[in-house]
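# just to be clear, the model below is a prediction. Sequence and coordinates:
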Amino acid sequence: MSTELVIQKQDTETHRCTLPGESWNVVSKFIDSGLFVNFRRALKRYTMISKHHPYTRIYAPSLNRLKQEEKLHLIEHYGLIHPLSMFSLYFDIYLCIFLIFHFLTSPAIYALTTNDDQNYIMLPVNVTYAVTMIIMFRTGVYNEKDNTVSLKPRDIAISYIKSYFFLDLSSFLPQILRLIPLWKRIPDQILLIISPFLITSRYIRYFWCLKTFNLIRLYFGFSSFVFKAFRLTITIIMMIVLGVYILYALVESVLTKATAGFLRREILLASTKNYLENVSIFRNIPNHLLRKLRVNLSTEIFLPGDVIIKAGSRGKSMYLIIVGTVSVTSEKDVEICQLTDGSYFGAAALTLNIARIVNVIAVTPCELFKLERSKFRSILKNHPQIYSEIENNIAENVLLALRTDNLDTKAIY
C-alpha cells in the first residue's frame with residue numbers, strides 16, 4: 001500500500017467531524033431530566049444506529065450522517081428500534097444461535113415426547129417466538145440492495161408479513177391450540193399429517209440464519225474461509241436432521257394408516273361382542289356375519305337433551321346404548337319408557353323404509369353404537385334367506401306395536 005493511501009486511511013479512522021452545528025451527543029437533548037437519566041440514555045442509545053454495526057459503515061460512512069440519522073430516529077420514530085443498532089445486532093445473533101439449536105433438537109422432541117410433555121419443553125421456544133414477533137414489528141427495515149433504512153411502522157409491518165411472520169406464527173401456534181378444547185376434537189390422524197408440515201416449514205427461517213452468519217462474520221472479523229466452512233458444516237447437519245425427521249414422519253404415517261384399520265376392527269370386535277348377541281333379531285345370524293356387523297359399527301356421542309330419533313323422520317340406522325340413558329316418547333311427547341346400558345332402538349330402519357313412530361332423546365350423556373342400513377344390507381346381500389327372516393321379524397313386531405299401541409322396551413321402532 002502506498003504512503004499516500006496509508007495516510008488517507010489513518011486520517012479517515014481518526015477523523016472527527018468539525019462541521020458547525022449541534023454537539024455529537026444528541027440523546028442528551030431528548031433525555032435531559034428525570035430518574036436514572038444516564039441509564040435511560042444508555043438504553044436509548046442501545047436501540048439507535050451504532051457505528052459498531054457492520055452495515056453502518058456502508059449506510060452512514062460519516063459522523064455527520066450518523067448524527068442526522070439519530071436525530072431523525074429520535075424526532076419521528078422515538079419508540080422504534082433502529083435496524084443498525086447494537087440491540088438489533090445482538091438480538092439477531094441470539095436468535096440465530098437459538099434457531100440453529102431449535103432446528104437441530106425439535107425433530108427429536110416431537111418424535112419422542114407426548115403432547116403434554118411438549119407443552120412444557122417447548123415453552124421457552126414459544127416465548128422466544130412470541131418475543132421475536134413483537135420485536136420484529138418494532139424494528140426498522142434495512143434494505144441491503146438499496147442501502148436504505150425505513151422506520152415507518154407500515155413499512156415494517158409489510159416487510160415482516162411478507163417475509164417470516166406466518167412462519168413464526170405457525171411455529172408456536174400448535175402449542176397454543178392444544179390448550180383449546182376444540183383442538184382436542186381434531187382426529188389424531190389429521191394431526192399426524194399436519195404436524196410434520198408445520199415443523200418442517202419453520203426451517204425456511206434457516207435462510208435468514210445464513211444471512212445472519214455473514215453479519216456475525218463481519219462483526220467478529222472471522223475469515224471468509226472459516227465462515228464458509230462453518231456454514232457448510234451446519235447446513236449439512238441441518239439437512240441430515242431434517243431428512244431423518246421427514247423419513248420418520250412418513251414411515252410413522254404409513255404404519256399408523258396400515259395398523260389403524262386392524263386395531264379398530266379388533267377393538268370393535270372385543271367391545272361389541274355382547275351387544276349384538278342381545279339383539280333378538282340377530283340371534284339366528286351366524287358368528288362370521290355377526291363379526292362383520294360388529295366391525296361396521298360406529299360410535300356417536302349425545303349430550304342431555306339431544307334428539308337421537310325424531311318421530312316422522314325416515315330412519316337409516318339402529319342404535320345400541322353403550323353408556324347412558326335415553327327417553328322414548330310418543331309423537332305427542334308422552335314418555336313411553338327409558339332405555340339404559342345394553343338396550344337398543346331403531347332396528348326397524350335396517351329393513352323398512354318407514355317413518356319413525358317415536359322420539360328418542362338423550363337423558364344423560366350417551367355413547368352409542370350405530371349400525372347403518374346400507375352396511376347391514378351390504379353384509380347380508382349374499383344371504384337373502386337370513387335377511388328375509390330378519391325383515392319379516394321386524395315387520396311383524398312393528399305391525400304388532402302399531403296395532404296394540406304397545407310401544408314398550410321390547411318394541412322395534
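Arrived safely. The structure presented is a predicted model; accordingly, all values stated were derived computationally and were not measured.

# Asn353: neighbour count?
10 (other CB atoms under 10 Å). Using the backbone N, CA and C atoms, a C-beta is placed for each residue, glycine as well.

# that one and Arg377 touch, don't they?
No: Asn353 is beyond contact range of Arg377, at 11.3 Å (criterion: CB atoms under 8 Å).

# low-confidence ranges in the protein?
1-25, 111, 114-116, 119, 172-199, 249-275, 404-413 (pLDDT under 70).

# per-domain residue ranges of it.
Each domain of the chain is listed here as a residue range: 24-256, 276-404, per automatic domain parsing.

# can you give the distance of the longest one from its chain's centre?
In this view, domain 24-256 has its centroid 20 Å away from the chain centroid, taken as CA atoms, centre = their mean, to the nearest Å.

# same question, the shortest one
Between the centre of domain 276-404 and the centre of its chain there are 39 Å (CA atoms, centre = their mean).

# which SS class is Leu169?
helix (DSSP: H, G, I helix; E, B strand; the rest coil).

# so what's it closest to, chain neighbours aside?
Met133 (7.1 Å; CB to CB, 6 or more residues apart in numbering).

# my guess is that neighbour meets Ser170, correct?
No: with contact defined as CB under 8 Å, Met133 does not reach Ser170; the gap is 11.5 Å.

# for the residue nearest to Leu169, what are its contacts?
Residues near Met133 by CB atoms under 8 Å, 6 or more residues apart in numbering: Phe165, Asp168, Leu169.

# which among the residues you listed end up buried?
Phe165, Asp168 (16 or more other CB atoms under 10 Å).

# in TSV: the contacts of Met133, plus distance to Arg373.
Shown next, in TSV, are those (distance: CB to CB, whole Å):
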residue	distance to Arg373
Phe165	51
Asp168	51
Leu169	46
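
# which of the contacts of Met133 lies closest to Thr299?
Leu169 (35.3 Å; CB to CB).

# how near is the closest one to Thr132?
11 Å (CB to CB, to the nearest Å).

# repeat for Asn143
In terms of CB to CB, Asn143 sits 20 Å off from Thr132.

# so in terms of bridging, what pairs with the closest residue to Glu335 other than its chain neighbours?
Leaving out its chain neighbours, the residue that sits closest to Glu335 by CB to CB, 6+ apart is Thr329, at 5.1 Å. In this entry, Thr329 is beta-bridged to Glu335, Asn359, by DSSP bridges.

# now swap in the one 10 residues further on and tell me
Here Leu339 sits in beta bridges with Val326, going by DSSP bridges.

# residues contacting it?
Ile321, Thr325, Val326, Val328, Phe345, Val360, Thr409.

# which of the residues you listed count as buried?
Using 16+ other CB under 10 Å, the buried ones in the contacts of Leu339 are Ile321, Thr325, Val326, Val328, Phe345, Val360.

# any chance of JSON lines for the residues you listed, columns distance to Phe137?
Shown next, in JSON lines, are the buried ones among the contacts of Leu339 (distance: CB to CB, whole Å):
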{"residue": "Ile321", "distance to Phe137": "55"}
{"residue": "Thr325", "distance to Phe137": "54"}
{"residue": "Val326", "distance to Phe137": "54"}
{"residue": "Val328", "distance to Phe137": "60"}
{"residue": "Phe345", "distance to Phe137": "58"}
{"residue": "Val360", "distance to Phe137": "55"}
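
# what number of residues lie near the residue nearest to Glu335?
Residues contacting Thr329 under the criterion other CB under 10 Å number 18.

# now do the one 4 residues further on
The criterion is other CB under 10 Å. On that basis, Asp333 has 10 neighbouring residues.

# for Ile390, same thing?
Ile390, neighbours per other CB under 10 Å, totals 20.

# what sits closest to it if chain neighbours are left out?
Per CB to CB, 6+ apart, closest to Ile390 is Ile281, 5.2 Å.

# pretty sure the one you found sits against Ala395.
No: with contact defined as CB under 8 Å, Ile281 does not count as touching Ala395 (10.9 Å).

# for Val326, what are its contacts?
Ile308, Gln338, Leu339, Phe345, Val360, Ile361, Ala362, Val363, Cys366.

# quick one: it from Lys51, how far?
78 Å.

# same check on Leu276?
82 Å.

# neighbour-wise, which of the two wins?
Leu276 (21 against 12).

# go ahead and confirm Tyr245 touches Pro107.
Yes: when contacts are counted by CB under 8 Å, Tyr245 is listed as touching Pro107 (3.4 Å).

# now the closest residue to Leu242 other than its chain neighbours, what's its secondary structure?
In this structure, Leu242 finds its nearest non-sequential neighbour in Tyr203, 5.9 Å apart by CB to CB, 6+ apart. Following three-state DSSP, we place Tyr203 in the helix state.
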